[in-house]
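> With the sequence up front, the predicted model follows.
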Number of protein chains: 2
Amino acid sequence: MRKNSLIPRVNANCATCSLRELCLPLGLNEHEIILLDKLVSHKCKIQRGEFLHRAGLRFQSLYAIRRGFFKTCILEKDGRQQVTGFYMTGELLGLDAISTETYNCDTVALEDSEVCEVPFAKLEEMSRNIPTLMHHFHKIMSREIVKDHGVMMLLGSMRAEERLAAFLLNLSRRFVKRGYSASDFILRMTREEIGSYLGLKFETVSRAFSRLQDENIISVNNKHVSIHDMDRLRSKVGNS
Amino acid sequence: MRKNSLIPRVNANCATCSLRELCLPLGLNEHEIILLDKLVSHKCKIQRGEFLHRAGLRFQSLYAIRRGFFKTCILEKDGRQQVTGFYMTGELLGLDAISTETYNCDTVALEDSEVCEVPFAKLEEMSRNIPTLMHHFHKIMSREIVKDHGVMMLLGSMRAEERLAAFLLNLSRRFVKRGYSASDFILRMTREEIGSYLGLKFETVSRAFSRLQDENIISVNNKHVSIHDMDRLRSKVGNS
DNA sequence: CGTACGTTTGACTCTGTTCAATTGCCGTGG
DNA sequence: CCACGGCAATTGAACAGAGTCAAACGTACG
């Protein structure tokens, strides 16, 4: 990655990493985890607002998020930008770059973060000898595809309020998995970024927030969201 | 797959298959292709309108399309349906099922088709010994993700006419790769299916077709499309 | 403390949806 | 072979939801 950056690097340590459930090594034995430690050679810190990488850069590594929050976005020649995903602790960045051997999206930290660099060639080589690793990796890629199909569903057939409800429920679910509150969280992204991801203008996002708040389903205070009535929020999705 | 179906099976033969450029075996030597032949044990024919598989079925195999045309769609509990993709000769079906070990979309032939069954467990096993096969497979999965991001872009930020133009250009490009005309083709899907894929109602799709025809960019006669002015069609995409 | 940016809200516009009527196409059966 | 029925596609008119433009307010950061 960014050769001339000052991002500090230290050795990773998968064996003690608290992400073991979420990240790659799921289901490996102790010996295999030690091997993996050698694969994941470096951690690096990315400050809020910094790019992990930009579209066009040559692909070499995937990045597992050890801590933090990222957005990925693609940019059309005519200047339009589209946020293609938000990624949090334990998730894997860069899967889309394998096909072209070039990162084809910008990846930006939305809070101070830390990632583990996973050199892809080494990952492939190692997975030849560790079938469970290979299989797990395939599942992760496949899950990414399923996730994208969900977003396509959302973009293709839901209206503004439904989209926002689905988005909040998705975030909530992912926070829970990581041990945080299901109903109380801080949004790391702006209304505009949410809008881009959901195919809406930021004013529409703001209005949808306000409407959900007026109905006492959630309360919003700038970036802080509290879900008061999870069931009614759920019922917002899929009732058109 | 469908144990009690009457779909006839014959041995596949990758070595002589005309899809070598598009399908999995890209870049393999003769010996490896023979191995692959043993992997891809069966071809089967699917008639127009038939399901290759339905959502919920246990996943075991990927399917390479040897000839034909498919749509994949997901169904929400509330009855909404979303077409998530159209697949043609040389493309690979079932990648989304790896994550859950269950097909999570319906896959329907839109014309009489023929697929090669690729047992996934065997594919993984074999790719341990053939690094190029593994790498190529990773690229295919990654390409699927990139493609989905493109659709998200389309759904998130284009208007009706742009979406249709982008759709037609995409089809055109894929037909060319397969040796067909870039400017003259038969649509295998209905307006409703196009609409579902593009996040539009079928009336809107129909109107967009008519408008492009009125501008002499294309001509449409039911399922038959001719592109008259490729450049102006291209300029329709990305000018809002 | 002040500025810049993000957010909210209102009024108006416009694109796409909805509802409905009509035409065209294709396969089936008389 | 033609007539019929059903499904797909086209087109129009009225409507609604999201977009646009603009103003005002809050918050965060230097």
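Thanks, I have the structure now. The structure presented is a predicted model; accordingly, all values stated were derived computationally and were not measured.
> switch to C-alpha atoms for all contacts and neighbour counts from now on
Will do.
> Please identify the buried residues of the longest helix anywhere in chain A?
Criterion DSSP state H: the longest helix present in chain A is helix A:131-157. When burial is assessed from 16 or more other C-alpha atoms under 10 Å in any protein chain shown, helix A:131-157 yields the following buried residues: A:132-149, A:151-157.
> quick one, phi/psi of residue A:187?
phi -80, psi 130 (degrees, to the nearest 10).
> from memory residue A:205 sits against residue A:164, does it?
Yes - under the criterion of C-alpha atoms under 8 Å, residue A:205 makes contact with residue A:164 at 7.3 Å.
> what's the helix or strand for the residue nearest the centre of chain A?
In chain A, the centroid-proximal residue (C-alpha atoms, centre = their mean) is residue A:87; its distance is 1.1 Å. In the assignment (DSSP states H and E), residue A:87 maps to strand A:81-88.
> So for that strand, mean pLDDT?
For strand A:81-88, mean pLDDT rounds to 95.
> before we move on, the earlier item: spell out whether the longest helix of chain A and DNA strand C are in contact.
No - Helix A:131-157 lies out of reach of DNA strand C by C-alpha under 7 Å from any atom of the strand, never closer than 8.0 Å.
> if we can go back for a sec, against which helices or strands is the strand holding residue A:87 packed?
If you count contacts as 3 or more C-alpha pairs under 8 Å, 6 or more residues apart in numbering or on different chains; DSSP states H and E, strand A:81-88 packs onto strand A:61-67, strand A:69-75, helix A:191-198, helix B:131-157.
> which other residues reach stretch A:131-143?
Stretch A:131-143 is contacted by residues A:24-28, A:95, A:124, A:127-128, B:95-100, B:124-125, B:128, B:141-142 when judged by C-alpha atoms under 8 Å, 6 or more residues apart in numbering or on different chains.
> Extract the CA atoms of that stretch and return them as PDB.
Taking Å, rounded to 0.1, in the frame of the first residue of the first chain, the C-alpha atoms of stretch A:131-143 are listed here in PDB:
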ATOM      1  CA  PRO A 131      -8.700 -25.900   3.300                       C
ATOM      2  CA  THR A 132     -10.800 -24.400   6.100                       C
ATOM      3  CA  LEU A 133      -9.100 -21.100   5.500                       C
ATOM      4  CA  MET A 134      -9.800 -21.300   1.800                       C
ATOM      5  CA  HIS A 135     -13.400 -22.300   2.400                       C
ATOM      6  CA  HIS A 136     -13.900 -19.500   4.900                       C
ATOM      7  CA  PHE A 137     -12.500 -17.000   2.500                       C
ATOM      8  CA  HIS A 138     -14.900 -18.200  -0.200                       C
ATOM      9  CA  LYS A 139     -17.800 -17.700   2.200                       C
ATOM     10  CA  ILE A 140     -16.700 -14.200   3.000                       C
ATOM     11  CA  MET A 141     -16.600 -13.300  -0.700                       C
ATOM     12  CA  SER A 142     -20.000 -14.900  -1.200                       C
ATOM     13  CA  ARG A 143     -21.400 -13.100   1.700                       C
END
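> Pull the distance from it to the chain's centre.
17 Å (C-alpha atoms, centre = their mean, to the nearest Å).
> Over to stretch A:91-103?
In terms of C-alpha atoms, centre = their mean, the centre of stretch A:91-103 is found 13 Å from the chain centre.
> Reformat the helices and strands packed on strand A:81-88 as TSV; add mean pLDDT.
Shown next, in TSV, are the helices and strands packed on strand A:81-88 (pLDDT from 0 to 100):
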stretch	mean pLDDT
strand A:61-67	93
strand A:69-75	95
helix A:191-198	98
helix B:131-157	95
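> Of all the ones you listed, which one is nearest residue B:238?
Minimum separation from residue B:238 across the helices and strands packed on strand A:81-88 (C-alpha to C-alpha) falls at helix B:131-157, 9.5 Å.
> can stretch A:79-93 be found next to DNA strand D?
No - for a cut-off given as C-alpha under 7 Å from any atom of the strand, stretch A:79-93 has no contacts with DNA strand D; the smallest distance is 11.3 Å.
> That stretch: end-to-end distance?
23 Å (C-alpha to C-alpha, to the nearest Å).
> residue boundaries of the helices in chain A?
A:30-39, A:120-129, A:131-157, A:160-177, A:191-198, A:202-214, A:230-236.
> Quick one, which of the ones you listed gets closest to residue B:40.
Evaluated over the helices of chain A, closeness to residue B:40 peaks at helix A:131-157, with 19.2 Å, by C-alpha to C-alpha.
> Within range of DNA strand C, give me the residues from chain A.
With the criterion set to C-alpha under 7 Å from any atom of the strand, chain A comes near DNA strand C through A:189-192, A:202-207, A:209-210, A:220-223.
> Any stretches of chain A with poor pLDDT?
Applying pLDDT under 70 to chain A picks out residues A:1-12, A:20-22, A:24-26, A:239-240.
> ok, residue A:197 - how many residues close by?
Residues lying near residue A:197 (other C-alpha atoms under 10 Å in any protein chain shown) number 27.
> swap that for residue A:164, please
Neighbourhood size, residue A:164 [other C-alpha under 10 Å]: 26.
> Could I get the contacting residues of the residue nearest to residue A:77 when sequence neighbours are not counted?
Counting by C-alpha to C-alpha, 6 or more residues apart in numbering or on different chains, residue A:77 lies nearest to residue B:238, which is 7.9 Å off, once chain neighbours are set aside. For residue B:238, the contacting residues are A:76, A:77, A:78, B:158, B:162, by C-alpha under 8 Å, 6+ apart.
> PyMOL command for the buried members of the residues you listed?
Command for PyMOL that selects the buried part of the contacts of residue B:238, burial taken from 16+ other C-alpha under 10 Å:
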select buried, chain B and resi 158+162
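> which pair in the contacts of residue B:238 spans the largest distance?
Pairwise distances across the contacts of residue B:238 peak at 14.6 Å for A:77 and B:162 (criterion: C-alpha to C-alpha).
> can you tell if the longest helix of chain A touches DNA strand D?
No - Helix A:131-157 does not reach DNA strand D (C-alpha under 7 Å from any atom of the strand); its nearest approach is 9.6 Å.
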